[in-house]
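*Asks:* sharing a sequence plus its predicted fold:
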Amino acid sequence: MNNLTSDHSSDILLEAHNISHHFDYDLFDNINLTLHKNQSIAIMGSSGSGKSTLLNILCSLLTPISGEVIFNDQNIFNLSQKEILNIRRDFFGIIFQSHYLFRGFNAMENLEIASLLTDEPIDHNILKALKIDHVMTQGIGELSGGQQQRLSCARVLTKKPDIIFADEPTGNLDSTTAFELMDVLFDYIQKNDAGMILVTHEEKIAQKCDIIYELIDNKLIKKEL
Ligand SMILES: Nc1ncnc2c1ncn2[C@@H]1O[C@H](COP(=O)(O)OP(=O)(O)OP(=O)(O)O)[C@@H](O)[C@H]1O
Ligand SMILES: [Mg+2]
C-alpha cells in the first residue's frame, strides 16, 4: 500500500519484543513485530492458534507471560493501570471479535459517547461510507449483525486513534460490504498517519495489508505477498 522505509524509526507506532504467552498450554513464544505509520499488518492463523490473545496483548488488555510492547518509547506493561487506560482511550481503537455496543443507547448515542470521551467530532462521512447513516436513530437491538459491526468500527474511528486493533471486523459481512468496510479503515490510516493490526481468516482481506503474518506452531511467520 505504501513505500515505507522500515528503518525510519520515527515512523514506528508500536513494537513488540519477545512476546510469549500460554494458558494451560503454550500459545506462542518470542513474537516480534513492528508497526509503522500508514501501515497495516494482517495476522492469520487457524482457530485457537492465539490470534485474539496476541491482539489483546498488543493493545494492552492482557499482560503477557514475558516480553514488551513499546508505545511512545515506553513498555506499556510497566505503566500504571491509569496510564494504560489513558493510552487506550486516547491512542488505541480496538474493534473486538464480539462487538460491545451499549445496548441501552441508540446507534448515534453510542458514537456520542466515544466523541465525548475523546473530544473528537463525529465524522458523518464515515457513517455514509459505512452505509449506516440511515440507521443512526435505531436501538442497538434493531440493527443487523453487520450494521452493529460497522457501527463499532465507526465508534472506534470517532476516537481518532493512532492504532486500530481489529479482530475479525468483517466476520459478519458479505464480501462487498467487507471490502467497503476495509476501504474505510485503510483510508482512515492513510489520512491520519495511523496504523492497523488486523486479525482475519480471509485471505483476500489480508492481502490488502502491507504485511501478512501467520500464527502457526507457536511462531509468527511472515507470509510472502
Ligand atoms: N482467558 C483465557 N483463559 C484460558 N484459555 C484461554 C483464554 N483465552 C483464550 N484461551 C485459549 O487460548 C487459545 C487461543 O485463543 P484465541 O482466542 O487467542 O484464538 P484465536 O486464534 O483468536 O481463535 P479464533 O480464530 O477462533 O478467534 C484457545 O485454545 C482458547 O481456548
Ligand atoms: Mg479470535
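*Replies:* Happy to help now that I have it. Ligands and ions are numbered 1, 2, ... in the order given.
*Asks:* who are the contact partners of Y188?
*Replies:* For Y188, the contact set (C-beta atoms under 8 Å, 6 or more residues apart in numbering) comprises 126, 157, 164, 194. All C-beta atoms are positioned from the backbone trio N, CA, C, and that covers glycine.
*Asks:* and the host helix or strand of the second one, how far from the chain's centre?
*Replies:* Secondary structure from DSSP states H and E places L157 in helix 145-158. Once both centres are worked out by C-alpha atoms, centre = their mean, to the nearest Å, helix 145-158 turns out to sit 12 Å from its chain's centre.
*Asks:* residues of this structure that sit close to ligand 1?
*Replies:* 23, 27, 45, 47-53, 97 (C-beta under 6 Å from any ligand atom).
*Asks:* list only those of those residues flagged as buried.
*Replies:* The neighbour-count criterion (16 or more other C-beta atoms under 10 Å) marks 27, 45, 49-53 among the residues of the chain next to ligand 1 as buried.
*Asks:* in strands, which of the residues you listed appear?
*Replies:* L27 (DSSP state E).
*Asks:* show me what contacts the residue positioned nearest the centre of the chain?
*Replies:* Of all residues in the chain, the one closest to the mean position by C-alpha atoms, centre = their mean is F165, 1.4 Å from it. Taking C-beta under 8 Å, 6+ apart, we find F165 in contact with 55, 58-59, 92-95, 196-197.
*Asks:* switch the cut-off to 6 Å
*Replies:* Going by C-beta atoms under 6 Å, 6 or more residues apart in numbering, F165 touches 55, 59, 94, 197.
*Asks:* please apply the same query to K131.
*Replies:* For K131, counting by C-beta under 6 Å, 6+ apart, there are no contacting residues.
*Asks:* quick one, strands of this protein?
*Replies:* Using DSSP E, strands in the chain cover 12-22, 26-36, 40-44, 66-71, 74-75, 92-95, 163-167, 195-199, 211-216, 219-223.
*Asks:* which among the residues of the chain next to ligand 1 gets closest to E142?
*Replies:* Checking the residues of the chain next to ligand 1 against E142 by C-beta to C-beta gives Q97 as the nearest, at 22.2 Å.
*Asks:* just to revisit the earlier point, can I get the strands of the chain in TSV including distance to D187 and mean pLDDT?
*Replies:* Below are the strands of the chain laid out as TSV (distance: least, C-beta to C-beta, whole Å; pLDDT from 0 to 100):
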stretch	distance to D187	mean pLDDT
strand 12-22	17	97
strand 26-36	17	95
strand 40-44	11	98
strand 66-71	23	98
strand 74-75	30	97
strand 92-95	14	95
strand 163-167	12	97
strand 195-199	11	97
strand 211-216	19	97
strand 219-223	24	95
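*Asks:* what residues of stretch 11-21 count as buried?
*Replies:* Here stretch 11-21 shows 11-16, 19-21 as buried, counting by 16+ other C-beta under 10 Å.
*Asks:* what sits up against that stretch?
*Replies:* 27, 29-37, 57, 64-71, 163, 195.
*Asks:* now with 8 Å, please.
*Replies:* Residues contacting stretch 11-21 (C-beta under 8 Å, 6+ apart): 4-5, 27-39, 50, 53-54, 57-58, 62, 64-71, 162-163, 194-195, 197.
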